[in-house]
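Asker: just a sequence and a predicted model for now, questions to come.
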Amino acid sequence: MDLSRLLTQRLYAWLLLIAGGAAVFLLQPRLPIRFSDFLLPTASIGLVIAAWWWSRAPEQRPTRQDAFAAALLVGVVLLLALNRYLPETSRITPSRPPDLGALIAGMAAAAGAAVALWRVLREVSVGGRTGVLIILIIGLFILLKTELLAGILSAAWRGATGQDVQIASALDLNWLGFSYIAFRLIHTLLDRRSGLLPALALRDYAVYALFPPALIAGPIDRADRFAAELASERRWDADRWARGGARIAVGVFKKFVLADTLALGLALNAVNVDQAQGAGALWLLLYGYALRLFFDFSGYSDIAIGVGIWLGIQLPENFDRPYFKTTLTAFWQSWHKTLGDWARFYVFSPLTRALLRRDRKPSPAVIVGIGHLATMLLIGLWHGVTINFAVWGLWQAAGLYAHKRWSDATRGWYRGLNQKPSQKRLWTLLTWFITFHYIVLGWVWFALPHFDDSLRALGRLFGVGW
Amino acid sequence: MTWTKLARIAIKTALFFALCNVVFAATGALDWLNSVSLHNLILPGRARLPYGENPGQSYSLSPDSLTVMFAAHRLRQPKAADEYRIVLIGDSGVWGWLLSTNETLDAALNERDLRAADGRRMRFYNLAYPIQAALKDLMLLDEAAQYAPDAVVWFTTLDGFPRDKQVYPPLVQRNPDRARELIHRYTLALDPADARFVEGGGWWDRTIFGARRQIADWLRLQVFAVAWAATGVDQAMTEVQPVRVDQDADLTWNGSAAPRDLTRRDLALEVLAAGAARAESAGTALLIVNEPIFITPGANGDVRYNSWYPRWAYDSYRALLAAECADRGWACLDLWDAVPSDHFTDSPVHLTASGWQIVAQAVANQIGSMP
């Protein structure tokens, strides 16, 4: 069966657009704040349209096709909003959508505000314009990822909908895929500033930002690469189904068998950290957590890549046997690769380049240190604006910096090891052991929510504090 | 890759899976699997039978299979030459509801380091299991007999004997063949065709696909074995709702509103006799203990002992049990009022650690005089 005969390239992209628009609603978990599980996905679509508008090339005029794509996305929202009038058992949205009239008025008001902002910024440079939207997205990101701020927002939203403010929680605002969508949009805006972004139709841009398999857990693809994939000729032959199916099977096994089994009490968490009966037990739980995290995340990535193959889009790889790497630098080139690449491309490289261009430039060691610090801090805070994620980022930055200094200092000696295979094997084993345990110890900050708990756990791992 | 090759792979995979299912069922692999456990193999055995209402937090679950349950228990360890092995049978109180494993009755007895008359060291094993039903206890006693106990201490209470409650525990319902076998072996006046029995055990249920629930439970229990070994936790401690002190002036017990004398028709006391016969056939001593209950110091204490038992029903049960013990020559110990009311937690039979210490002393005193 060759579906490509049935679905022309253009029709297929439109279908993916509809699927992406619907997926942000259908995959969104039910939230306790009234209408929030409908309004947050609506905001995702609004943000995508705004970011496309902001990231257009100066000479790129909106076309009829773009208008149709926008209308199609709005149509998807309105069509799903009709679920309000269906009985609860028949709804496909997570809960009852808001009133259609209020929704249309709200969307019109949001669009009006966006247009007004655009008019204000029309005369501003591309860099300034895109900068404003980037700051807005980052602000939204910080608002949602900071427990205190998200709690205040939740309370305000609860108050507006007449719900109990006392039980407001940051967890109320579990906005599906926002972390990934936000980084995709920021990437396009930054690439517009630097002129790297090709002209993209709204349809292709929205399919990129909302591609259903990559909504939940990435990967964070590049728009230009994705658009080329979307435009390429594809055949749904047996090979594609077999490759996609095998990848999905591997992902399902990793996520639902290995990771979920380890999560049954074999992975470190805020509860069992105090239940562990000795350092050995705590190490066991920490190893369990390291494996669970890998199988969970890489399993999701495998499923996303497999479904992408089935849908005719080859998504980028996100993992490459990270726990087998013998240096921390190699680990970060193989763990959540697309986020690492994003951070390197938009934080590390520009920052170090800027420092090098200064008249009174710091020493190379300081530049590298600042680069690692900023990059890893960002990667840490991307997971949530908490002290522990910040410390985790600092931990990684310190490790990367130490490795850089060490490898610079020992390069000659290391080359000499090539003449001594047995010593090199031993050295490789030792560096793997040190790297793996540095990563694993770093997960203590990642797994536990509070600084004191993490510090206590680290002490206990080495027999202190029992 | 061609469509033909893909189809061949799919067909071969399906055939291989079907073959695995046939071999699994034909070789009785489920029975073998159930008898295998990380406990007692590379990890210590559990101090009490696995029971978990909230598996993720208690690192335990409630398997259907007695074989799986016993494979996880430390009773499975070989009996030492100087060991006098005593198993404790009973309900959630004896199991240790809301207590850690070093606060339970078996722990309280083991810490006393008691010696049998022949000098052997007494080791107590907790084989109690939540939900009262004498038939459930008999089932556990029957299984425990394989592990060469020298004595059995069986804790009972009134709510373990109503006939309609014998098939109430899920453990009984999900082991209909074992329950029926006991009903027939000891000619118990219970209905072997009770509709609450969950039928199964056919050929299909022994395939990988048919037994997927049991296999998943077995696998999870092995994972929990590691978590249990790392943490020592086998029960999710919930917030304690204190036992109700003030009672309603209500005489109702098990559907009977008017006080009367309970008879052997009301209570399945013949299950106790079956247990005594099973113990005797295994050459095992038996001590029957009427477990302590909460006796309210609050309102309507003249009508009810607690929220479970009106006085008329419980007094009648005690009289009947005492008569049975005397008639049959059983060793019995009535501890119904041995524990003060401030030693109870959330139910009329759930004791605090200090409450079980009182019981342990009473049992220790009695067990020294057993043959």
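Answerer: Received the coordinates, thanks.
Asker: can you list the domains in the chain?
Answerer: No chain in the question, so chain A it is. Per automatic domain parsing, the structural domains of chain A span A:3-231, A:238-319, A:323-461.
Asker: you looked at the wrong chain, it should be chain B
Answerer: In terms of domains, chain B is parsed into B:1-35, B:37-196+B:211-367 (source: automatic domain parsing).
Asker: deepest of those, which one?
Answerer: domain B:37-196+B:211-367 (a mean of 19; mean count of other C-beta atoms under 10 Å in any protein chain shown). C-beta coordinates here come from the backbone N, C-alpha and C atoms, glycine included.
Asker: what does chain A put close to chain B?
Answerer: A:1, A:237-239, A:241-243, A:261-262, A:264-266, A:271-272, A:275-277, A:281-282, A:284-285 (C-beta under 8 Å from any C-beta of the partner chain).
Asker: mark which of the residues you listed are buried, thanks.
Answerer: A:237-238, A:241-243, A:261-262, A:264-266, A:272, A:275-276, A:281-282, A:284-285 (16 or more other C-beta atoms under 10 Å in any protein chain shown).
Asker: quick revisit: possible to save the domains of chain A as CSV with distance to B:Glu83?
Answerer: Putting those into CSV (distance: least, C-beta to C-beta, whole Å) gives the following:
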stretch, distance to B:Glu83
domain A:3-231, 52
domain A:238-319, 26
domain A:323-461, 36
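Asker: and residue 93, what does it touch?
Answerer: Since you didn't name a chain, this refers to chain A. A:Phe25, A:Leu26, A:Asp37, A:Phe38, A:Leu80, A:Asn83 (C-beta atoms under 8 Å, 6 or more residues apart in numbering or on different chains).
Asker: nope, chain B please
Answerer: B:Ala128, B:Phe155, B:Glu291, B:Ser347, B:Val349, B:His350, B:Leu351.
Asker: please report phi then psi for B:Val167.
Answerer: Backbone torsions for B:Val167, taken as degrees, to the nearest 10, come to phi -100, psi 10.
Asker: measure it to B:Gly283 for me?
Answerer: As defined by C-beta to C-beta, to the nearest Å, B:Val167 lies at a distance of 30 Å from B:Gly283.
Asker: B:Leu190: what secondary structure?
Answerer: Secondary structure, DSSP: H, G, I helix; E, B strand; the rest coil: B:Leu190 is coil.
Asker: surely it is in contact with B:Lys165?
Answerer: No - taking contacts as C-beta atoms under 8 Å, B:Leu190 lies outside contact range of B:Lys165: 10.5 Å.
Asker: the residue in the stretch 1-150 of chain B that chain A sits nearest to in helix, strand or coil?
Answerer: Closest residue of the stretch 1-150 of chain B to chain A, C-beta to the nearest C-beta: B:Met1 (3.9 Å). Here B:Met1 is recorded as coil under three-state DSSP.
Asker: any idea which helix or strand carries the closest residue to it other than its chain neighbours?
Answerer: Using C-beta to C-beta, 6 or more residues apart in numbering or on different chains and skipping residues adjacent in sequence, the residue nearest B:Met1 is A:Asp239, 3.9 Å away. Assigned by DSSP states H and E, A:Asp239 belongs to helix A:238-252.
Asker: following that helix, which helix or strand comes up?
Answerer: Per DSSP H and E, the first helix or strand lying C-terminal to helix A:238-252 is helix A:260-262.
Asker: so does the lowest-mean-pLDDT helix or strand in chain B get close to chain A?
Answerer: Between all helices and strands in chain B, the lowest mean by mean pLDDT, DSSP states H and E belongs to helix B:55-58, at a mean of 90. Yes - using C-beta under 8 Å from any C-beta, helix B:55-58 comes into contact with chain A via B:Pro55, B:Gly56, B:Gln57.
Asker: ok, so of those, who is nearest B:Ala134?
Answerer: B:Pro55 (27.5 Å; C-beta to C-beta).
Asker: identify the residues contacting the closest residue to the closest one other than its chain neighbours.
Answerer: Distances taken as C-beta to C-beta, 6+ apart place B:Leu61 nearest to B:Pro55, at 4.3 Å, with adjacent residues excluded. B:Leu61 makes contact with B:Pro50, B:Tyr51, B:Gly52, B:Pro55, B:Asp217, B:Arg220, B:Leu221, B:Phe224 under the criterion C-beta under 8 Å, 6+ apart.
Asker: please report how far the second one lies from B:Val152.
Answerer: Translated: B:Tyr51. 20 Å.
Asker: so for the chain, the centremost residue is which one?
Answerer: Just going to use chain A. Nearest to the geometric centre of chain A sits A:Tyr180, at 3.5 Å (C-alpha atoms, centre = their mean).
Asker: nope, chain B please
Answerer: B:Tyr129 (2.5 Å).
Asker: what sits against A:Arg425?
Answerer: With C-beta under 8 Å, 6+ apart, A:Arg425 has no contacts at all.
Asker: if you could redo that for A:Gly162, that was the one I meant.
Answerer: By C-beta under 8 Å, 6+ apart, the residues touching A:Gly162 are A:Arg34.
Asker: how about the nearest residue to the residue of chain B found nearest chain A, chain neighbours excluded?
Answerer: Chain A sits closest to B:Ala227 of chain B, with a gap of 3.1 Å, by C-beta to the nearest C-beta. Among residues not flanking B:Ala227 along the chain, A:Gly265 sits closest, at 3.1 Å (C-beta to C-beta, 6+ apart).
Asker: and the pLDDT at that neighbour?
Answerer: A:Gly265 is assigned 87 on the pLDDT scale.
Asker: make sure it is actually in contact with B:Phe224.
Answerer: Yes - counting by C-beta under 8 Å, A:Gly265 sits close enough to B:Phe224 to count as a contact (6.1 Å).
Asker: overlap in contacts, the two.
Answerer: Jointly contacting A:Gly265 and B:Phe224 under the rule C-beta under 8 Å, 6+ apart are B:Tyr59.
Asker: tell me the confidence at the nearest residue to B:Tyr129 once chain neighbours are set aside?
Answerer: Once flanking residues are discounted, B:Tyr129 sits nearest to B:Leu49: 5.4 Å by C-beta to C-beta, 6+ apart. For B:Leu49, the model assigns a pLDDT of 97.
Asker: near chain A, which residues of chain B show up?
Answerer: Residues of chain B lying near chain A (C-beta under 8 Å from any C-beta): B:1-3, B:5-6, B:9, B:55-57, B:59, B:219-220, B:223-224, B:226-227, B:229-233.
Asker: surely B:Tyr125 is within a strand?
Answerer: Yes - with three-state DSSP as the criterion, B:Tyr125 is located in a strand.
Asker: quick one, what contacts it?
Answerer: So B:Tyr125 contacts B:His73, B:Arg74, B:Leu75, B:Arg85, B:Ile86, B:Val87, B:Leu88, B:Asp106, B:Ala144, B:Pro149 (C-beta under 8 Å, 6+ apart).
Asker: is it in a bridge, and if so with what?
Answerer: B:Tyr125 has these beta-bridge partners by DSSP bridges: B:Val87.
Asker: what about it, distance to A:Arg235?
Answerer: The value you get for B:Tyr125 to A:Arg235, if C-beta to C-beta is used, is 66 Å.
Asker: and for B:Val198?
Answerer: Distance from B:Val198 to A:Arg235, by C-beta to C-beta: 51 Å.
Asker: might you name the residue of chain A sitting closest to chain B?
Answerer: Proximity of chain A to chain B (C-beta to the nearest C-beta) peaks at A:Gly265, 3.1 Å away.
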